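1. test case, fold it:
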Amino acid sequence: MLELINKMKVRDERGFTLVELLIVIAIIAILAAIAIPQFAAYRQRGVRASMQADARNLATSLEAFFADNQSYTTFTIGAGSAITAPVSAKASAGNSITVTGSTSTYTISAINSNGGSSSTQYTIDNTGATAWH
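-> Prediction:
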């Protein structure tokens, strides 16, 4: 019986100490604190780039429409939707696009609420002027 108790005392204890585990957790927390804000910034830039691309592609389609009809038109494209009339256009996921046109001018507004706290609306007009709102 004593021999069994001695074997239990001498048993090889392998594993990590609490301090070692806390150090690993602290390192992971520091890396996460650095990575998460960077990911949010990358995501916001991606959303903004999709808004710009959609608006510029639509501007090209509107210029083609103007060449055929000698006026611009007004319409709306829902988030992630596509239209074929009066022009063929598609809005990326999350982007809603509104076109306000007249006989000689147009303004395209691309809106995406996932663009972050700043600049969730991008506008471009027939002169090429752009702005973030």
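
2. surely residue 100 is within a strand?
-> Yes. Assessed by DSSP: H, G, I helix; E, B strand; the rest coil, residue 100 belongs to a strand.

3. burial count for residue 99?
-> 23 (other CB atoms under 10 Å). C-beta: built from backbone N, CA, C; applies to glycine.

4. now do residue 103
-> For residue 103, the neighbour count with other CB under 10 Å is 9.

5. for this protein, give me the ranges with low pLDDT.
-> Applying pLDDT under 70 to the chain flags the ranges 1-2, 4-13, 115-119.

6. can you show me the strands along it?
-> Under the criterion DSSP state E, the chain contains strands at 75-77, 82-83, 89-90, 96-101, 106-111, 121-125, 130-132.

7. list the neighbouring strands of the last one plus their orientation.
-> For strand 130-132, the paired strands and their directions (DSSP bridges) are strand 121-125 (antiparallel).

8. if we can go back for a sec, winner for burial among the strands of the chain?
-> Most buried of the strands of the chain, by mean neighbour count (mean count of other CB atoms under 10 Å): strand 106-111, with a mean of 21.

9. what's that one packed up against?
-> helix 18-69, strand 96-101, strand 121-125 (3 or more CB pairs under 8 Å, 6 or more residues apart in numbering; DSSP states H and E).

10. for those, which one sits closest to residue 77?
-> Residue 77 sits nearest to strand 96-101 of all the helices and strands packed on strand 106-111, at 4.4 Å, using CB to CB.

11. now the angle from the closest one to strand 106-111?
-> 170 degrees (axes from the mean of the first three to the mean of the last three CA atoms, to 10 degrees).

12. what comes into contact with strand 96-101?
-> 54-55, 58, 62, 71-79, 89, 91, 106-112 (CB atoms under 8 Å, 6 or more residues apart in numbering).
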